[in-house]
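Novice: No letters, just coordinates:
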């Protein structure tokens, strides 16, 4: 049983039906928040919300569609009339290098991973302004938005934009008392880690085990879990982070500390 340190705060988590989003939603709910599980997969979002209990609700949303995002904001307003925590987590992966990349595909990744977070923020900001104490925006970036990597042009570009969106937004909203930060996860064991050919997870491959685990490219010598992200996410959404804003916290097992 947790201390319920987020009791009665309204938290919207995009991409909350699985992976990192679900891990964060579960932790926020355990801390007493009324969680809105917002996901394009309406059925899975409903399953997660039912499991969370405590006033959780599921709202289907396509963050690439302005009308769908507006409907999400409307649903939150109708149910709660306010919002204290917004977690911009929803994203897609496109593991394609420049040689094979199509501009249309690139734009799709940008529209979801970059513009989608901005769309949701703009739509939920009026409800955050109506929120009670300790209002938070938490963006989920990536180490690929802070470091170079092969076959990650669109994803890295979008996540890099999220990094500086976080910093700039923190400056804009500081006078209103809204805290804005981001997490940059490393290799996390979620559905995004599935190999393109469907043969398994990247963490299970021989090259990953040899380079990242055996030889310590990840100093902690394991891939992360959604629960590993949920703890830092809770911290940045809690009162303990009241003097932390505009920051990008890497949660990567130490991979960014090596070279």
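Specialist: Done, it's in. Bear in mind that the values here come from a model prediction, so they are computed numbers and not experimental data.
Novice: Domain parsing of this structure, as residue ranges.
Specialist: 10-188+225-251, 198-223 (automatic domain parsing).
Novice: any idea which of these is most buried?
Specialist: domain 10-188+225-251 (a mean of 20; mean count of other Cβ atoms under 10 Å). C-beta coordinates here come from the backbone N, C-alpha and C atoms, glycine included.
Novice: isn't residue 169 right next to residue 137, touching?
Specialist: Yes: the pair residue 169 / residue 137 is scored as a contact, 6.8 Å apart, by Cβ atoms under 8 Å.
Novice: any common contacting residues for the two?
Specialist: Any residue near both residue 169 and residue 137 by Cβ atoms under 8 Å, 6 or more residues apart in numbering counts here, and that gives 121, 180.
Novice: Out of the domains of the chain, which gets nearest to residue 3?
Specialist: domain 10-188+225-251 (7.4 Å; Cβ to Cβ).
Novice: Between its first and last residues, what's the separation in the closest one?
Specialist: 25 Å (Cα to Cα, to the nearest Å).
Novice: next one: stretch 104-124
Specialist: The straight-line separation of the ends of stretch 104-124 (Cα to Cα) is 28 Å.
Novice: next one: stretch 242-257
Specialist: End-to-end span of stretch 242-257 (Cα to Cα): 26 Å.
Novice: Could you tell me how far it lies from the centre of the chain?
Specialist: Here stretch 242-257 is found 14 Å from its chain centre; the criterion is Cα atoms, centre = their mean, to the nearest Å.
Novice: In the chain, where's the longest helix?
Specialist: Ordering each helix of the chain by length in residues (DSSP state H) puts helix 153-173 first.
Novice: Check which element follows that one along the chain.
Specialist: Once helix 153-173 ends, the next helix or strand along the chain (criterion: DSSP states H and E) is strand 179-185.
Novice: I would like the residues contacting that following strand, please.
Specialist: Counting by Cβ under 8 Å, 6+ apart, 20, 134-143, 145-146, 159, 162-163, 166, 169-170, 173, 224, 229, 232-233, 236, 241-242, 244-252, 256 sit against strand 179-185.
Novice: What pairs with that strand, parallel or antiparallel?
Specialist: strand 136-140 (parallel), strand 248-251 (parallel) (DSSP bridges).
Novice: pLDDT averaged over it - what is it?
Specialist: For strand 179-185, the mean pLDDT works out to 98.
Novice: Ok, stretch 139-158 next?
Specialist: On average, stretch 139-158 scores 92.
Novice: List the contacts of the residue nearest the centre of the chain.
Specialist: Most central in the chain under Cα atoms, centre = their mean is residue 89, positioned 2.4 Å from the mean C-alpha point. By Cβ under 8 Å, 6+ apart, the residues touching residue 89 are 13-16, 20-21, 24, 140.
Novice: just residue 5 next, same as before
Specialist: Contacts of residue 5 (Cβ under 8 Å, 6+ apart): 31-32, 238-239.
Novice: ok, which pair from those residues is furthest apart?
Specialist: Counting by Cβ to Cβ, the most remote pair of the contacts of residue 5 is 32 and 239, 12.5 Å apart.
Novice: Would you confirm that residue 127 contacts residue 73?
Specialist: Yes: using Cβ under 8 Å, residue 127 is in contact with residue 73, at 6.6 Å.
Novice: what residues are shared contacts of those two?
Specialist: Common neighbours of residue 127 and residue 73 (Cβ under 8 Å, 6+ apart) do not exist.
Novice: can you give me the strands in the protein?
Specialist: 10-14, 34-39, 57-60, 85-88, 136-140, 179-185, 248-251 (DSSP state E).
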